[in-house]
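Visitor: Sharing a model prediction with you, sequence too.
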Amino acid sequence: MSDLEKVFGLHAVEALLRHHPRRVKRIWLAERRNDPRVQAVLELAAQARIGVTSCERREMDEWVEGVHQGVVAEVSPSQVWGEPMLDELLDRSEAPPLLLVLDGVTDPHNLGACLRTADAAGALAVIVPKDKSATLNATVRKVACGAAEVVPLVAVTNLARTLEKLQKRGVWIVGTAGEASQELYSQDLSGPIALVMGAEGKGMRRLTREHCDYLVRLPMAGSVSSLNVSVATGVCLFEALRQRRATSGG
C-alpha cells in the first residue's frame, strides 16, 4: 500500500514544486485545464522532470475532500519536525526570534490559516504538541496556500518542558487569555518571544498558562467575547511585526 499523500490546490502544489520538488512524484491536471494559472505549475514540473497526467475532474473529486482547483500532486509524506529542529532554528536566527505556539488546536483549517499567517508575519516556526493537535495533511496545506512548505511545524512531546527550554534560551513566553488584565497593544513584543494561542473554545491548558511570563488579551468592542483562533493569531502576530519594524526602523 502506498504511503504517498495527495496535495491539492494551485498554491499548495506550486509551493511544493518550488521548495521541495523531490517530494513530488506525479501531478494530475484536470482535462481542459490549460489557463495561465497552471503554467507556473507545468513549468516547475518540467524543470524537475515530474510527470503530469491529465484526468477527469470527477476522479479528483473522489480523491480529495476540498476544492482542488483541478490540480492534485502525489507526494512523499509530510515533514513534521522534532525538537532538535527548534534548537537549530534558534541557533541560526540572527534577529530576535518570533515563534507561534498552538496549544491543542485540532481543526486543520485553523492550523492551515495559522501557518499562512505565521509565514506572512515572519515567524521562525510553529510549535504544537504531538497529542491532541492537528498535523500536516492535504487540508492544512490547501488552507496554508504554500506556507506549510516554508514554515517549519515542530511537534513536541511535552509542551510545558519545551516552553521552559525556550525561557532558558532567553525567549519570553506570551500567552493569550480573555481574562488577562494587560492588553496586547501594551505588551512589548519586539524581543525574542513565543506567542501562545489556546485551543478553540477552551483556551490554553493550565500547565501551559503557568509557564507563560505574561498574559495578554485582545480588546473586544462588540458583543462577541472571543475571536476564532486563526483570526486572533493574525492580530497578535502582526502586532509583533509592527513593533519589530518600529524598533528596527523598517
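Guide: Noted; the coordinates are in hand.

Visitor: All the strands of this protein, residue numbers only.
Guide: 5-8, 24-30, 52-55, 71-75, 98-103, 125-129, 153-156, 172-176, 182-183, 193-198, 214-217 (DSSP state E).

Visitor: pLDDT weak spots in this protein?
Guide: Across the chain, the stretches falling below the confidence threshold (pLDDT under 70) are 1-2, 249-250.

Visitor: wait, what's in contact with the most centrally placed residue in the chain?
Guide: Of all residues in the chain, the one closest to the mean position by CA atoms, centre = their mean is residue 115, 1.7 Å from it. Counting by CB atoms under 8 Å, 6 or more residues apart in numbering, residue 115 touches 126, 140, 144, 147, 148, 151, 153. C-beta here means a position set from N, CA and C on the backbone, and glycine is covered the same way.

Visitor: for the nearest residue to residue 182 once chain neighbours are set aside, which residues make a bridge with it?
Guide: Once flanking residues are discounted, residue 182 sits nearest to residue 216: 5.3 Å by CB to CB, 6 or more residues apart in numbering. In this entry, residue 216 is beta-bridged to residue 176, residue 182, by DSSP bridges.

Visitor: ditto for residue 103
Guide: residue 198.

Visitor: Give me the neighbour count for the closest residue to residue 230 other than its chain neighbours.
Guide: Nearest non-adjacent residue to residue 230, counting by CB to CB, 6+ apart: residue 113, 3.6 Å away. Counted with other CB atoms under 10 Å, residues neighbouring residue 113 total 23.

Visitor: Might one say that residue 113 is in contact with residue 237?
Guide: No. If you go by CB atoms under 8 Å, residue 113 and residue 237 don't touch, sitting 11.5 Å apart.

Visitor: Dihedrals phi and psi, residue 70?
Guide: Per-residue torsions, residue 70: phi 80, psi 20 (degrees, to the nearest 10).

Visitor: Run a quick neighbour tally on it.
Guide: By the other CB under 10 Å criterion, the neighbourhood of residue 70 contains 20 residues.

Visitor: thinking it is in contact with residue 29, fair?
Guide: Yes. Counting by CB under 8 Å, residue 70 does reach residue 29; the two are 6.5 Å apart.

Visitor: what do those two both touch?
Guide: Counting by CB under 8 Å, 6+ apart, the contacts common to residue 70 and residue 29 are residue 38.

Visitor: For the nearest residue to residue 95 once chain neighbours are set aside, give me its contacts.
Guide: Sequence neighbours aside, residue 244 is the residue nearest to residue 95 in space, at 7.8 Å (criterion: CB to CB, 6+ apart). Residues in contact with residue 244, defined by CB under 8 Å, 6+ apart, are 95, 96, 98, 122, 189, 190, 250.

Visitor: Buried only: go through those residues for me.
Guide: Taking 16 or more other CB atoms under 10 Å as the criterion, what is buried in the contacts of residue 244 is 96, 98, 122, 189, 190.

Visitor: residues in contact with the closest residue to the first one other than its chain neighbours?
Guide: Using CB to CB, 6+ apart and skipping the chain neighbours, the partner closest in space to residue 96 is residue 192 (4.3 Å). Contact criterion CB under 8 Å, 6+ apart gives 96, 97, 98, 169, 170, 171, 172 as the residues in contact with residue 192.
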